[in-house]
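Enquirer: Quick one, what's the 3D model for this:
(2 chains)
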Number of protein chains: 2
Amino acid sequence: MRDVAVLGIGQTRFGELWDRSFREIGIEAGFQALLDAKLSSGDLGALYLGCMASGSLIDQEQIAPLILDYAGLGAHHLPAIRAEGGDASGAIALHEGWLAVASGAHDFVVVGGAEKLTDVADTEANRILSGTADHEWEAVFGATLPALWALVAQRHAHDFGTKREELAAVAVRAHEMGSKNPLAHYRNRLTIEQVVGATPVAEPLGMLDCAPLSDGAAAIVLGPMERARKFTDTPIRIAASQVAGDTMALHHRRELVTVDSTVVAAKRAFAQANRSPADVAVAEVHDAFTISALVALEDLGFVAKGASGRAFAAGEFSGAGKVVVNTSGGLKAQGRPFGAVGVAQVVELVRQLRGEAGDRQVAGASLGLAHDLGGTGATSVVHLLERAN
Amino acid sequence: MRDVAVLGIGQTRFGELWDRSFREIGIEAGFQALLDAKLSSGDLGALYLGCMASGSLIDQEQIAPLILDYAGLGAHHLPAIRAEGGDASGAIALHEGWLAVASGAHDFVVVGGAEKLTDVADTEANRILSGTADHEWEAVFGATLPALWALVAQRHAHDFGTKREELAAVAVRAHEMGSKNPLAHYRNRLTIEQVVGATPVAEPLGMLDCAPLSDGAAAIVLGPMERARKFTDTPIRIAASQVAGDTMALHHRRELVTVDSTVVAAKRAFAQANRSPADVAVAEVHDAFTISALVALEDLGFVAKGASGRAFAAGEFSGAGKVVVNTSGGLKAQGRPFGAVGVAQVVELVRQLRGEAGDRQVAGASLGLAHDLGGTGATSVVHLLERAN
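Expert: Here you go, the predicted structure:
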């Protein structure tokens, strides 16, 4: 298979976009990415779209051809394919788009991710999010995603002594970066005291440990690496793209504090790219809840199992250590439009690797990792992106 | 890209499977296909699953890793990816699975399709099905799928003089074949008079012009052609796999009586396989409504535009002409579990090409075509399968 490059990126603001429809935000991100790639729509071979729950949220299926249609590309009759893997849908769409270009099936494809969560009540959106858990063994008994991740947090504290304030440090850091990201849902800063003192959701997690329900879309244009220099001076190579599955229900896992699908996806990705965690300069990890980020940092190999809380609170992932995490603000502050998350993570990595991340720039970043997760980890996706110089 | 073969097939009964869950039927079809391929689960590289609306229907997302999990394969951490394109979801999953093997990313993959429609009321299932139309321009105003296809039927009658009885002939033929298919939802025979006299749904379509809401699952195992002889004496080669998109709303189309996405997907598929419609011995076409089948037969190139009604009523697609259509009973009689349909079509083609179709066998069939459609055609998928001798 041939090397694949990211040629263009696009992203809408994340947040409560009540005045805009799903199709509007999908198209905006897509056109931004096309413009950025200096491609016209006639160059495209296919569209891949990550979306978790458009059927439940906006009564709309077939949203991939819908976006194609309203982007004015209906007459091209491109293949338009939606991929779903819970809140990892965007990264799965990227994996499929990568495969389409790597295989030679298509030269240029757009990969989009979009979700419109605020057109329904929060309770309804949270009910729909529970669909990423095992309905028959978890959701039907009332186990919501915060409740399930709270079990993980309790066990992490029990096994490793992880402190409440260490969880809170993840949220504080996210909002600090969100304050520097003009597209972020939340741009306010937080203190440890605010996070710890927020309304409890599922102990030990409070309101400010949970990423918000957001609207938003992101898109990237992929093409073959050997033609990338025609379109950009800073092509970013997809060095690895790996998806791994796991059991749906938490109680079927080997243990609560490790998401094996993340461990496996990361191992496969580092093997594919012939790199190691120590080589990664910037990473976007799936912080749907503060505990999710801590577990992911361990499972990705950035820190030893159990040591993430202390390391995070000590600033090891904020520039003082090797890998700088969630410069976008992460799901916690940039926002959490389920299907858009995985694509937006890669958009932020591309900004970093191009050196276009403004106030959030990590100097000289040349290898980035994106980690997207479905529910409590039945799906994990890891991408490695590399500046090609 | 390398040649891909179908090594195994599996399918549950289609119908009202009230005593069985989504995960049970998904697993049954998958294991049948693995057994048929003489592979063990450890040989698999990935799972692709077509499903249209598990979120809306059974409150469950991430159904690809769910099936993997309940098949006992969770510990393998395979990539498990769901594809959605309305009622064309199964065929889209097959396209992505084909790409995964053709590209060399994986050697052996299972492609499944499953849907559980009878766990909700019929009115709710039909509301969900309306999500395959354009929500903002069609569904929100009450345009259901039967109503939209009725517009097509009216126009087809206006332009070409297509008769009510010619539409009915499609349903009569479907039930005739369904009566010979032990897995079919409907096994009773119908008469033209029964179809014409049935309760009207949206003129000219009546109850018996519409495919039922079914539960069911189907699965196939794919592998590289060069290794196929190790597993089967009758490997079936995927000669073409093409997806095409179109506008969501009917009123945005060039004309009502042609589904351009089908025209384009078929042209691309015949070019990919270097074959023509005249070479096809057996075809499974998407007869969600009787008019859908007639339009598809024209768009696929089997009969001139406008001539399908007369040709069908004259028996040209029932063995008296070149291509024999919907030996499975089609969606109309075999059943219509949305996401399973596109996979089940290919399962029937493989039976035919292997010479294992029993009472339904078309003697000497060596090339088959499967045509799957999302809604009124925003997605069309065409596969060509060939006996490799």
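Enquirer: And the residue positioned nearest the centre of chain A, how far from A:Thr379?
Expert: Geometric centre of chain A, nearest residue: A:Gly342, 3.0 Å, by Cα atoms, centre = their mean. Separation of A:Gly342 from A:Thr379 (Cβ to Cβ, to the nearest Å): 10 Å. The way it works is simple: take the backbone N, C-alpha and C, and place the C-beta from them, glycine included.
Enquirer: Now for those two: what residues contact both?
Expert: Shared contacts of A:Gly342 and A:Thr379 (Cβ atoms under 8 Å, 6 or more residues apart in numbering or on different chains): A:88, A:92.
Enquirer: So the residue nearest to the centre of chain A sits against A:Ala93, correct?
Expert: Yes - with contact defined as Cβ atoms under 8 Å, A:Gly342 reaches A:Ala93; the gap is 7.4 Å.
Enquirer: Name the residues contacting each of these two.
Expert: Common contacts of A:Gly342 and A:Ala93 (Cβ under 8 Å, 6+ apart): A:50, A:113.
Enquirer: give me phi/psi at the residue of chain A most remote from its centre?
Expert: Residue farthest from the centre of chain A, counting by Cα atoms, centre = their mean, is A:Ala75 at 31.4 Å. Note on A:Ala75: its backbone torsions stand at phi -70, psi -10 [degrees, to the nearest 10].
Enquirer: pLDDT score for it?
Expert: pLDDT recorded at A:Ala75 is 81.
Enquirer: before we move on, the earlier item: and the gap between the residue nearest to the centre of chain A and B:Thr144?
Expert: Distance, A:Gly342 to B:Thr144, using Cβ to Cβ: 34 Å.
Enquirer: got it, and A:Ala288?
Expert: Applying Cβ to Cβ to A:Ala288 and B:Thr144 gives a distance of 37 Å.
Enquirer: out of those two, which sits in the busier spot?
Expert: More crowded of A:Ala288 and B:Thr144, by other Cβ atoms under 10 Å in any protein chain shown: A:Ala288, with 26 against 17.
Enquirer: contacting residues for that one?
Expert: Counting by Cβ under 8 Å, 6+ apart, A:Ala288 has contacts A:87, A:145, A:149, A:210-211, A:331, A:336, A:373.
Enquirer: Identify the spatial nearest neighbour of A:Gln62, chain neighbours not counted.
Expert: B:Gly86 (4.3 Å; Cβ to Cβ, 6 or more residues apart in numbering or on different chains).
Enquirer: Give me the pLDDT for that neighbour.
Expert: 97.
Enquirer: try the one 10 residues further on
Expert: As predicted, B:Glu96 sits at a pLDDT of 98.
Enquirer: Tell me if I'm right that it and B:Ala80 touch.
Expert: No - using Cβ under 8 Å, B:Glu96 is not in contact with B:Ala80; the gap is 11.9 Å.
Enquirer: higher neighbour count, the two?
Expert: For B:Glu96 and B:Ala80, the more surrounded residue by other Cβ under 10 Å is B:Ala80, and the numbers stand at 33 against 26.
Enquirer: Run through the bridge partners of the more buried one.
Expert: Here B:Ala80 sits in beta bridges with B:Leu47, as judged by DSSP bridges.
Enquirer: can I assume it is in contact with A:Gly374?
Expert: No - counting by Cβ under 8 Å, B:Ala80 sits too far from A:Gly374 to count as a contact (9.8 Å).
Enquirer: Does at least one residue of stretch A:12-27 sit close to chain B?
Expert: Yes - judged by Cβ under 8 Å from any Cβ of the partner chain, stretch A:12-27 and chain B are in contact via A:21, A:23.
Enquirer: So which residues make contact with that stretch?
Expert: A:28-29, A:49, A:54, A:58, A:60, A:63, A:66-67, A:70-71, A:112, A:114-116, A:118-119, A:182-185, A:214-219, A:334-337, A:340, A:344, B:136.
Enquirer: Mind giving me the ChimeraX command for buried ones among the residues you listed?
Expert: Remark: buried members of these, expressed as a ChimeraX selection using 16 or more other Cβ atoms under 10 Å in any protein chain shown:
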select /A:28,29,49,54,58,60,63,66,67,70,71,112,114,115,116,118,119,183,184,185,214,215,216,217,218,219,334,335,336,337,340,344 /B:136
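Enquirer: Inside strands: which ones of the contacts of stretch A:12-27?
Expert: Residues from those lying in strands, with DSSP state E as the criterion: A:49, A:112, A:114-116, A:215-219.
Enquirer: Quick check: residues of the stretch 201-350 of chain A near chain B?
Expert: Applying Cβ under 8 Å from any Cβ, we find that the stretch 201-350 of chain A lies next to chain B at A:242-249, A:252, A:260-261, A:264-265.
Enquirer: for A:Thr123, what are its contacts?
Expert: Residues in contact with A:Thr123 (Cβ under 8 Å, 6+ apart): none are found.
Enquirer: What pLDDT is listed against it?
Expert: Predicted confidence (pLDDT) for A:Thr123: 92.
Enquirer: Checking my notes, it in a strand, right?
Expert: No - counting by DSSP: H, G, I helix; E, B strand; the rest coil, A:Thr123 falls outside a strand, being helix.
Enquirer: Just list whatever residues bridge to A:Glu386.
Expert: A:Arg237, A:Leu367.
Enquirer: Next, count neighbours for it.
Expert: With other Cβ under 10 Å as criterion, A:Glu386 counts 21.
Enquirer: Distance of the nearest residue to A:Asn126 once chain neighbours are set aside relative to chain B?
Expert: Once flanking residues are discounted, A:Asn126 sits nearest to A:Thr144: 6.2 Å by Cβ to Cβ, 6+ apart. Distance, A:Thr144 to chain B, by Cβ to the nearest Cβ, to the nearest Å: 13 Å.
Enquirer: Contact partners for A:Thr144?
Expert: A:126, A:129-130, A:133, A:202.
Enquirer: Make JSON lines from the residues you listed and add distance to B:Leu369 and secondary structure to it.
Expert: Shown next, in JSON lines, are those (distance: Cβ to Cβ, whole Å; DSSP: H, G, I helix; E, B strand; the rest coil):
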{"residue": "A:Asn126", "distance to B:Leu369": "45", "secondary structure": "helix"}
{"residue": "A:Leu129", "distance to B:Leu369": "40", "secondary structure": "helix"}
{"residue": "A:Ser130", "distance to B:Leu369": "41", "secondary structure": "helix"}
{"residue": "A:Ala133", "distance to B:Leu369": "40", "secondary structure": "coil"}
{"residue": "A:Ala202", "distance to B:Leu369": "52", "secondary structure": "strand"}
